[in-house]
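> test case, fold it:
(2 chains)
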Amino acid sequence: MKADPKGVLTGSHYLDGDFAIAEGGLAAGCRFFAGYPITPSTETAERFAERIPSVGGIFIQMEDELGSIAAMIGASWGGKKPMTVTSGPGFSLMMENIGLACMMETPLVIANVQRGGPSTGLPTLTGQQDMMQARWGSHGDYEIIALSPDSPQECFDLTIEAFNLSEIYRVPVFVMTDECVGHMHEKVVIPPAEEIEIVERKWYEGPKEKYLPYKADKDGIPFMVKAGDGYLFHTTGLTHDERGYPVINAECQSQTVPRLSDKIKNNADKIIMIEEEEIDTAEVIVISYGITSRVAIRAVRLAREAGIKVGTLRLKTVWPFPEKRIKQLAKKIKAFVVPEINYGQVVLEVERCAAGKAPTFHVPHMGGWVHDPYDILKVIKEAVK
Amino acid sequence: MKKEDRLEATNPMEGFLRMDRIPHIWCPGCGIGTVVTSFAEALKKSKLDLDKVSVVSGIGCTGRVAGYVKLDSFHTTHGRAVPFATGLKLANPELKVIVFSGDGDIVGIGGNHFIHAARRNMDILIICVNNFNYAMTGGQVAATTPIDANASTAPYGNFEFPFSLPYLAEAAGATYVARWTALHLRRVTKSIQEALAKPGFSFIEVITPCVTLYARRNRLGDGLNLLRYYYDKSEIQHGADTRTLDISYQGKLIVGKFVDKEKPTFLDAMNQHMTKIFGDKYVRYGE
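Presented below is the predicted three-dimensional model:
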């Protein structure tokens, strides 16, 4: 399906990442935005509020982030594609209902323009400290999808991708960007609507009396209906059977909950987007994502000038994690180097997948600024020894 | 008598309930079922297209209502039924959205959402079953527990000032506010019917017996004793000043319809405002 031209601002623009996220959402068919202002993400909400009267849809500034995410889940069941934008503290407030969205299998998109934490931390300065929270932040077992753009152009592109993935897998999808990319102005090319591929929700079309809200299709994902279409369905955050009725026992739990993870795990190859460079001859591979991958380029070039064979792997999809690929690479190389603006998060996944086959070197940065490329270079040199 | 001549006994509420989920979990003597009966009756009388009616509940005893009504129904998280309903209504304005939940859910943990939805005059109806305590978790003190009443987390009696829900609703901007008890079945039905027919933020509080916890802890007897209390101590005062509706322990219960006024809903206000700004270029949302 092609994008609705009403939401597509075709042309070349000079936009920051936050604005590009709003444009990506509108192009993807998002017509419902519920948000709460928080630095450094607010520009996305402002852009959406400005644009929505001419596109047709709802912008509502909620009383808090708990309200924003609840309204999004409601709107999704009302048939709209919903989104919001936030940063660390707001993301924390959304966690409980992210679990509800996972349990009810509700498509929605949250962009997190990360800042330094914990707590109020560095409201105006960058960080990549919410990566594990994105994966594990709500209680219970579930899987989500998280993408990480490294430029305003990718903020646009990956927000569209986020909507498509969330509709296909009926799962919350996070656009995990950061203050640097969010506030970075660059050229953003928005293609004509007919060149933008949009995925329509997996609507149920069979006989009404046979509809079971949580009966998984062959791909592990149930068909969806929306309120008002006469299905008189029930959905709950409680553990439920195929009818969506609560069943509080171990048996139903073991039938229902694994699927929430498996539908993502089993389709990981289709979901994962990574970008590799000079991997085949590499002794050391630098794995990074978001703004850090752009800083790492400088370090990688310097290392190559010094005669070190360095490859790069950029995670456009962080969750699900490209487990298979890392396992493969670990057998062939001397070491992984993982710079990220936190005290050690995605590096733990790399280490787990490397499983002792190749050592993993972390280049931490506590946030507030990006890495000095020479700090990354130093670790590359150490890793290659 | 031949078998086919025998009248099949059916529950008159069958069309409104998920009969495959009955029996429900509520205790004998509980008032929630009574309010559900009134709701079903009001729906029947309202002649609304039931395909276009959605119920949203939060967590708690009353939170289970969404699971029993044969409508599009959502059992959400604690305190978040109101913003969930806000999103649902705005996404599909042709829906009639009812939040059916308890006092702890709506004005305790969800209090902020409640006042803001009222402020915006969001077009939803809130039916708030007030049993003076957190019953699902075992009878803890609530924002509605009268002073001196005993609760499991107020074992020496409650000393916090409780909310007066109609006062709170009106102050925050609700356009329809009523309070009844589970004894006032027909009046509850009528209020729900009126509110269903009225656009805007409507709030109906129904005081109900919690026999297992609130009444037992306070030695108030069984369901019948509590209905007797409602009978003896309730006083209908339509249009009463909502500042005068505080509830003291086993004291007087002023009931009635207190607020019924006109105000543009959130969507009306949005459409009117955007039309003022953009003129004919603006396509009114949801119409």
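> can you give me the buried ones in stretch B:114-133?
B:114-118, B:120-133 (16 or more other C-beta atoms under 10 Å in any protein chain shown). From N, CA and C alone the C-beta is placed, and that goes for glycine too.
> state the mean pLDDT of it.
Mean pLDDT, computed over stretch B:114-133, is 98.
> am I right that A:Leu26 sits in a strand?
No: assigned with DSSP: H, G, I helix; E, B strand; the rest coil, A:Leu26 falls outside any strand and is helix.
> on that earlier part again, just the buried residues of stretch B:114-133: which are in helices?
B:114-118 (DSSP state H).
> just the residues you listed now: which is nearest A:Thr292?
B:His116 (38.4 Å; C-beta to C-beta).
> return the residues in contact with A:Ala330.
Residues in contact with A:Ala330, defined by C-beta atoms under 8 Å, 6 or more residues apart in numbering or on different chains, are A:336, A:353-355, A:357-358.
> oh, that last question was meant for A:Ile333, not what I typed.
A:282-285, A:311, A:358.
> just put the ones in helices among the buried residues of stretch B:114-133 in CSV and tack on distance to B:Gly58.
CSV is the format used below for those (distance: C-beta to C-beta, whole Å):
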residue, distance to B:Gly58
B:Phe114, 11
B:Ile115, 16
B:His116, 16
B:Ala117, 13
B:Ala118, 16
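> filter the residues you listed by proximity to chain A?
Applying C-beta under 8 Å from any C-beta of the partner chain, the subset of those adjacent to chain A comprises B:His116.
> among the ones in helices among the buried residues of stretch B:114-133, which one lies nearest to A:Leu158?
B:His116 (32.0 Å).
> what number of residues lie near the residue lying closest to the closest one once chain neighbours are set aside?
Once flanking residues are discounted, B:His116 sits nearest to A:Glu63: 4.0 Å by C-beta to C-beta, 6 or more residues apart in numbering or on different chains. Neighbour count of A:Glu63, defined by other C-beta atoms under 10 Å in any protein chain shown: 20.
> so A:Glu63 is in which element?
According to DSSP states H and E, A:Glu63 maps onto no helix or strand at all.
> check contacts around it.
A:36, B:83, B:112-113, B:116.
> most surrounded residue in the residues you listed?
Neighbour max across the contacts of A:Glu63 (other C-beta under 10 Å) = B:Pro83, 34 neighbours.
> so it touches A:Met72, yeah?
No: applying C-beta atoms under 8 Å, one finds B:Pro83 not in contact with A:Met72, separated by 9.1 Å.
> now do the shared contacts for those two.
With C-beta under 8 Å, 6+ apart, B:Pro83 and A:Met72 have common neighbours A:Ala34.
> all helices for the stretch 151-300 of chain A, in order.
Counting by DSSP state H, counting those that start in this stretch, the stretch 151-300 of chain A has helices at residues A:152-169, A:179-183, A:250-265, A:268-271, A:291-305.
> chain B now?
B:32-46, B:81-91, B:103, B:111-119, B:165-172, B:185-196, B:216-217, B:223-233, B:266-278.
> let me see the mean pLDDT of the third one.
Averaged across helix B:103, the pLDDT comes to 98.
> now it: how far from the chain's centre is it?
Helix B:103 sits 8 Å away from the centroid of its parent chain (C-alpha atoms, centre = their mean, to the nearest Å).
> contact residues of the stretch 51-200 of chain B facing chain A?
So far as C-beta under 8 Å from any C-beta goes, the stretch 51-200 of chain B lies against chain A at B:51-52, B:54, B:56, B:66-67, B:70-77, B:79-80, B:82-92, B:94-95, B:112-113, B:116.
> which of these are buried? Put it as a PyMOL command.
Entered in PyMOL, the line below selects the buried ones among these, by 16+ other C-beta under 10 Å:
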select buried, chain B and resi 51+52+54+56+66+67+70+71+72+73+74+75+76+77+79+80+82+83+84+85+86+87+88+89+90+91+92+95+112+113+116
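> how far away is the residue lying closest to A:Gly88 once chain neighbours are set aside from A:Gly127?
Nearest non-adjacent residue to A:Gly88, counting by C-beta to C-beta, 6+ apart: A:Gly117, 4.6 Å away. Per C-beta to C-beta, to the nearest Å, A:Gly117 is found 6 Å from A:Gly127.
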